[in-house]
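Enquirer: With the sequence up front, the predicted model follows.
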Amino acid sequence: MKFSIVCFFILLFLMGSRSIVAQQLVYTPINPNFGGYYYNGTWMLAQAQAEKQFTVSSSSNPYSSSPLQTFQSSLNNAILSQLSQKIISQVFGENALKAGNYTFGNYAVNINPETDGIHIDIKDNSTGGQTSVIVPFY
């Protein structure tokens with residue numbers, strides 16, 4: 001009986017075994033920048049453009065503004081820079097600014113000393129935009 005079971009398994013093994021073939025797996029990149037097939041570039045560009053969900057507006061493009069708008073922007077930046085230097089030198093200098101409202105061109109500045117520092121509120125009267133800065137005490 002043991003002999004028949006052993007013969008059965010040997011016969012089953014011989015009948016069930018086939019030659020097994022394997023091959024080596026080789027990675028081939030898709031992107032042509034990393035060694036992939038160079039015709040994949042157009043397909044990848046088309047996929048990227050189809051998935052793009054945002055557009056660049058002309059107002060956010062700095063190169064689409066006129067020279068007059070560029071001049072106005074640089075003038076505003078220069079005024080704000082001078083304003084910040086003046087506030088810092090006068091708030092922390094010997095002749096410090098007192099709490100109150102000040103006007104510099106189109107900008108209204110409100111200075112209030114609080115317990116956590118000096119609160120400076122700056123409002124642009126031409127556009128209505130405003131910002132707040134807290135200068136902490138040391």
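Expert: All right, it came through fine.

Enquirer: can you list the weak-confidence ranges in this protein?
Expert: For the chain, the stretches flagged by pLDDT under 70 are 1, 12, 14-21, 55-64, 87-88, 90-97, 137-138.

Enquirer: Show me the helices in it, by range?
Expert: 2-16, 40-51, 67-92 (DSSP state H).

Enquirer: tally of neighbours for E114?
Expert: Using other CB atoms under 10 Å, E114 is surrounded by 10 other residues. Every C-beta, even on glycine, is put in place using the N, C-alpha and C of the backbone.

Enquirer: Same check on the one 4 residues further on?
Expert: Counted with other CB under 10 Å, the neighbours of I118 add up to 19.

Enquirer: Can you tell me the closest non-neighbouring residue to it?
Expert: V135 (4.5 Å; CB to CB, 6 or more residues apart in numbering).

Enquirer: That neighbour reaches I120, doesn't it?
Expert: Yes - here V135 reaches I120: they are 6.7 Å apart, a contact under CB atoms under 8 Å.

Enquirer: Which one of the two is surrounded by more residues?
Expert: Neighbour count, other CB under 10 Å: between V135 and I120, I120 has more, with 21 against 16.

Enquirer: Specify the beta-bridge partners of that one.
Expert: I111, V133 (DSSP bridges).

Enquirer: Check the gap between it and L83 for me.
Expert: Computed as CB to CB, to the nearest Å, the I120 to L83 distance reads 10 Å.

Enquirer: list residues touching both of the two?
Expert: Listed as contacting both I120 and L83 by CB atoms under 8 Å, 6 or more residues apart in numbering are V109.
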